[in-house]
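In: predicted model and sequence below, questions to follow.
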Amino acid sequence: MSHIPPLDPMVAARKGFRELEDRTRRFWKEVTVAPHGEDGWAVLLDGRTPKTPAKAPLVLPTEAAARLVADEWAAQGEFLDPHAMPATRLASTAIDRIGQAREPVADEIAAYAGTDVVCYLAEHPTPLVKRQEAAWTPWREWAAREMGVVLEPAVGIIHQPQSEDAIARVKAHALTLNDFRLTGLATAVPLLGSAVLGLALEQGALSGEEAFDLSRIDELFQEEQWGVDAEAAERTEARRAEASLLERWFSALAQ
């Protein structure tokens, strides 16, 4: 089973956001949101709209999404901490990058359907196989029923080609999304290693924690057998927090 590298526009946007905000001292007191013409809702710092790394105004399509971002700015201390601003990073990526790269981003999302984690069952041990089948089969069925994405399971790690139709349907759905939802999906799918789980999260069929737990059944089984060290646990919790943030992101964009 192949591993797909992170999307170039997403990596570039994260790097630009870190460089722009690194060691920036807090210069505002009040954080609010307000309508911004027909564009949506702007985040305001003492009445002024902050800029993305590409110098575009930080404007989101819904009030709830703007408030999600505004809450991150309000929670900052003396210096900006980019790691504590994931919704701001998503918004900046959507504004600065995704509109220029929708087709390749959708292609990369769809490619995950060809190597989807929920399609690869272990050969052994039997308890793990049973756990995978019980957890993943309903979501392959959901994808077929709700999204028209029919994926075939495989046993072992040898690549199982999926139908061109299934991959095309994932791409087609991705391209129906606005830049903000597409950014969320492009973040969720690599995080989960699964187009199916990413779509279920984007559609509100799974919570962030549920999708994350489903994505790491193999890891959890190994931890139960051999234990887990503190560093690995910290990485896992950071990824879990990102999945939960994506749930709030999609929910805010729908309001």
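Out: Everything's here; your move.
In: strands along the stretch 101-250 of the chain, start to end?
Out: 120-121, 154-155 (DSSP state E, counting those that start in this stretch).
In: quick one: list the elements packing against the last one.
Out: It stands for strand 154-155. strand 120-121 (3 or more Cβ pairs under 8 Å, 6 or more residues apart in numbering; DSSP states H and E). Every residue, glycine included, has its C-beta placed from N, CA and C.
In: which residues does the strand it packs on contact?
Out: In this structure, residues lying in contact with strand 120-121 by Cβ atoms under 8 Å, 6 or more residues apart in numbering are Met1, Val129, Gln132, Glu133, Trp136, Pro153, Ala154, Val155, Gly156, Ile157, Gln160.
In: mind putting the strands of the stretch 101-250 of the chain into CSV with distance to Arg181 and mean pLDDT?
Out: Output for the strands of the stretch 101-250 of the chain, formatted as CSV (distance: least, Cβ to Cβ, whole Å; pLDDT from 0 to 100):
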stretch, distance to Arg181, mean pLDDT
strand 120-121, 27, 94
strand 154-155, 30, 92
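In: mind checking which of those strands is nearest Ala188?
Out: Taking Cβ to Cβ, strand 120-121 is the member of these nearest to Ala188, at 18.7 Å.
In: ok, that closest one: who's next to it in the sheet?
Out: Strand partners for strand 120-121, identified by DSSP bridges, are recorded as strand 154-155 (parallel).
In: which residues are contacting the strand it pairs with?
Out: Residues contacting strand 154-155 (Cβ under 8 Å, 6+ apart): Cys119, Tyr120, Leu121, Ala122, Glu123, Gln160.
In: of those, buried ones?
Out: Buried subset of these (neighbour count, 16 or more other Cβ atoms under 10 Å): Cys119, Tyr120, Leu121, Ala122, Gln160.
In: quick one: low-confidence residue ranges for the chain.
Out: Counting by pLDDT under 70, the chain shows low-confidence ranges at 1-23.
In: could you measure from the residue of it positioned farthest from its centre over to Arg89?
Out: In the chain, the residue that sits farthest from the middle, by Cα atoms, centre = their mean, is Thr126; the gap is 31.3 Å. To Arg89, Thr126 is 42 Å away according to Cβ to Cβ, to the nearest Å.
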